[in-house]
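Asker: A predicted structure for the sequence below; I have some questions about it.
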Amino acid sequence: MIMKKQILQNSIIVSILLILFFFESSCKKDKIINDISAKVKFSSNLILFDTVFTTIGSVTKQLKVYNPYSEIIKVSSIRLAGGTNSNFRINVDGIATTEIDNIEIEPKDSIYIFVKVTVDPTNSNSPLVVSDSILFNTNGNLQQVQLVAWGQDAYYHTPKYPEGNPWFSIIKCDDIWTNDKPHLIYGYAVVDSACTLTIKENARIYLHKNAVLWVYKDGTLKVEGTLGNPVTFQGDRLEQYYNDKPGQWGKIWLSAGSKNNEINHAIIKNGYIGIHADTTTTNPTEPTLKIENTIIENMGAAGILAQGSWVEAKNCVIGNCSQYAVVLNMGGKYDFRHCTFGNYWSYSTRNTASLVLNNWYKDINENIIHRDLEKAYFGNCIVYGSLSEEILLDSLQGALFNYKFDHCLLKTGVNTGNANYFANCIINSDPAFIDYSVNDYQLNDGSPAIDKGLMSIATYIPFDILRHNRTSNVAPDLGAYEKK
């Protein structure tokens with residue numbers, strides 16, 4: 001009897017211990033981290049569908065979502081930002097959906113999300129790029145993974161990661177870009193050293209957010225547009241809203257040591273900096289950039305930023321820039337003839353002059369370094385805009401500061417009495433552009449810029465940006481457009 005009683009007591013104790021063990025295990029297993037800083041991790045923050053389809057295409061890629069913690073993590077919601085209207089579809093751990101709630105991921109474990117996209121790149125009305133994102137809500141933390149796919153058949157210049165550099169793609173040496181299909185640049189597309197990129201007439205170059213066409217040391221860019229078929233550089237968003245929206249892409253960067261760059265008949269619009277012409281090599285024999293018959297407009301910072309460079313420009317129109325139309329910084333050598341700078345920026349407040357000349361800079365230690373402005377010549381040009389002062393002459397003693405405005409129309413309050421610097425200039429008279437609100441800088445009837453140019457300048461540029469003859473009258477008009 002005593003033995004049976006002892007066995008019964010032991011059984012009860014064992015049962016209790018087992019219950020406690022399983023209860024404790026269950027509690028441990030069910031413990032969910034609710035720290036507001038807890039987040040999931042992803043195998044990638046961008047899923048890029050870079051296949052160029054020839055028919056309606058459907059491609060699937062996978063995303064791995066990690067729980068890096070020792071407790072269960074609950075993702076309150078996973079959803080496509082575009083919902084049922086998205087070109088993308090997701091499958092979360094075997095469940096096909098556009099949105100799913102309360103997904104638990106075990107400690108140190110992961111789940112898979114499969115992503116599918118359906119596009120028809122042969123449809124010219126499709127967006128150039130189809131994009132969306134997967135949104136994650138975990139303990140109130142919002143995270144996203146971007147989804148990008150090509151929406152049209154095009155040439156895509158993208159970084160080759162993970163095996164290559166995650167930011168750069170190298171353009172084939174001495175490549176020629178034609179107009180058979182558009183070109184799209186992601187990241188930095190690089191014209192390598194000792195190579196030339198030639199872009200033919202009517203080519204369309206689209207650049208994604210922050211993208212850069214970078215001409216490296218000893219590289220060369222040749223843009224060969226024509227009057228009726230210019231080469232166009234713009235952002236890759238093709239919706240109506242983005243037609244004139246500034247700051248959609250980075251810049252065309254002619255870096256230090258690039259050489260013999262030429263741009264003719266181009267339209268460069270809606271970027272951050274149109275052209276960045278960097279410092280030249282010592283004693284160059286040719287300009288870093290020759291640019292003609294080109295329009296640069298709607299820039300989030302500057303139309304042309306030249307730093308200790310050598311630029312020659314003819315028949316160029318630079319308008320509607322957030323800060324500067326043209327910055328000639330850190331000295332250099334510059335020649336602008338029959339150019340129009342019109343800056344009536346209205347997206348925000350602009351407090352900076354449209355044209356800046358400078359002969360110094362600060363190094364990384366805040367030391368002032370002087371650089372000669374060997375030459376800054378403006379012949380038969382217009383510099384005008386919405387501010388009372390559109391020219392900044394920023395010089396310091398210790399370096400050359402040579403400039404001249406020759407037969408120009410200028411908006412400025414500086415002293416223009418010295419003929420060595422200002423020869424036969426018209427000061428603060430509205431040039432009467434046809435409609436600067438839509439970047440039309442042609443001259444209206446009665447403009448004070450009509451027939452006020454110097455013929456000896458026009459003789460070397462006898463046709464304006466539209467191929468109108470400017471030497472058939474007694475005197476040429478100022479700026480890039482000849483009034484007809």
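Answerer: That came in fine, so what should we check first?

Asker: helices of the stretch 101-250 of the chain, start to end?
Answerer: Per DSSP state H, counting those that start in this stretch, the stretch 101-250 of the chain carries no helices over any range.

Asker: now the spatially most central residue of the chain: phi and psi?
Answerer: A centroid search over the chain (C-alpha atoms, centre = their mean) returns Trp249, at 1.4 Å, as the residue closest to the centre. Per-residue torsions, Trp249: phi -150, psi 180 (degrees, to the nearest 10).

Asker: roughly how far apart are the nearest residue to it once chain neighbours are set aside and Ser437?
Answerer: Nearest non-adjacent residue to Trp249, counting by C-beta to C-beta, 6 or more residues apart in numbering: Leu207, 3.5 Å away. Heads up, the C-betas are built off the backbone N, CA and C, glycines and all. Counting by C-beta to C-beta, to the nearest Å, the separation of Leu207 from Ser437 is 25 Å.

Asker: also Ile391?
Answerer: For Ile391, the distance to Ser437 equals 23 Å [C-beta to C-beta].

Asker: and these two? which has more neighbours close in?
Answerer: More neighbours surround Ile391 than the other of Ile391 and Ser437, with 23 against 9 (other C-beta atoms under 10 Å).

Asker: residues contacting that one?
Answerer: Ile391 makes contact with 353-357, 383, 410-412, 414, according to C-beta atoms under 8 Å, 6 or more residues apart in numbering.

Asker: tell me the backbone dihedrals of the nearest residue to Ile72 once chain neighbours are set aside, please.
Answerer: Nearest residue to Ile72, sequence neighbours excluded (C-beta to C-beta, 6+ apart): Ile32, at 4.7 Å. Phi and psi for Ile32, reported as degrees, to the nearest 10, are phi -110, psi 130.

Asker: which ones are touching Ile32?
Answerer: Neighbouring residues of Ile32 by C-beta under 8 Å, 6+ apart: 71-74, 104.

Asker: quick revisit: quick one: contacts for the residue nearest to Trp249?
Answerer: So Leu207 contacts 184-185, 213, 233-236, 248-250, 271 (C-beta under 8 Å, 6+ apart).

Asker: what distance do you get for it to Asn85?
Answerer: From Leu207 to Asn85 the distance is 26 Å (C-beta to C-beta).

Asker: for the chain, which helix or strand comes out least confident on mean pLDDT?
Answerer: Comparing helices and strands within the chain by mean pLDDT, DSSP states H and E singles out helix 2-30 as the least confident, with a mean of 48.

Asker: next SSE after it?
Answerer: Going down the chain from helix 2-30, the next helix or strand is strand 32-33, by DSSP states H and E.

Asker: for that next one, give the mean pLDDT please.
Answerer: Averaging pLDDT along strand 32-33 gives 89.

Asker: and what of stretch 279-288?
Answerer: Averaged over stretch 279-288, pLDDT sits at 82.

Asker: may I have the beta-bridge partners of the residue nearest to Trp249?
Answerer: Ile185, Gly235 (DSSP bridges).

Asker: quick one: low-confidence ranges for the stretch 51-200 of the chain?
Answerer: Residues of the stretch 51-200 of the chain meeting the criterion pLDDT under 70: 51-58, 121-126, 161-166.

Asker: recalculate using a threshold of 80.
Answerer: Applying pLDDT under 80 to the stretch 51-200 of the chain picks out residues 51-59, 119-128, 150-153, 160-166.

Asker: would you map the strands across it?
Answerer: For the stretch 51-200 of the chain, applying DSSP state E, counting those that start in this stretch gives strands covering 57-66, 72-80, 88-92, 95-97, 99-105, 110-119, 129-138, 141-150, 155-157, 168-170, 176-177, 183-185, 188-191, 196-200.

Asker: what would those strands look like in JSON lines with distance to Val40 and mean neighbour count?
Answerer: Shown next, in JSON lines, are the strands of the stretch 51-200 of the chain (distance: least, C-beta to C-beta, whole Å; neighbours: other C-beta atoms under 10 Å):
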{"stretch": "strand 57-66", "distance to Val40": "5", "mean neighbour count": "15"}
{"stretch": "strand 72-80", "distance to Val40": "6", "mean neighbour count": "19"}
{"stretch": "strand 88-92", "distance to Val40": "12", "mean neighbour count": "20"}
{"stretch": "strand 95-97", "distance to Val40": "17", "mean neighbour count": "12"}
{"stretch": "strand 99-105", "distance to Val40": "7", "mean neighbour count": "15"}
{"stretch": "strand 110-119", "distance to Val40": "9", "mean neighbour count": "18"}
{"stretch": "strand 129-138", "distance to Val40": "6", "mean neighbour count": "20"}
{"stretch": "strand 141-150", "distance to Val40": "7", "mean neighbour count": "18"}
{"stretch": "strand 155-157", "distance to Val40": "30", "mean neighbour count": "20"}
{"stretch": "strand 168-170", "distance to Val40": "30", "mean neighbour count": "17"}
{"stretch": "strand 176-177", "distance to Val40": "41", "mean neighbour count": "16"}
{"stretch": "strand 183-185", "distance to Val40": "31", "mean neighbour count": "23"}
{"stretch": "strand 188-191", "distance to Val40": "30", "mean neighbour count": "24"}
{"stretch": "strand 196-200", "distance to Val40": "42", "mean neighbour count": "20"}
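
Asker: right, and Gly151 touches Val130 too?
Answerer: Yes: Gly151 lies in contact with Val130 (C-beta atoms under 8 Å); the separation is 4.3 Å.

Asker: joint contacts of those two?
Answerer: Counting by C-beta under 8 Å, 6+ apart, the contacts common to Gly151 and Val130 are Val119.

Asker: any idea how far apart the tips of stretch 77-88 sit?
Answerer: Length of stretch 77-88, first residue to last, C-alpha to C-alpha, to the nearest Å: 17 Å.

Asker: what do you get for stretch 461-472?
Answerer: 12 Å.

Asker: for stretch 137-146, same thing?
Answerer: Stretch 137-146 has an end-to-end distance of 15 Å (criterion: C-alpha to C-alpha).

Asker: cool, thanks, signing off.
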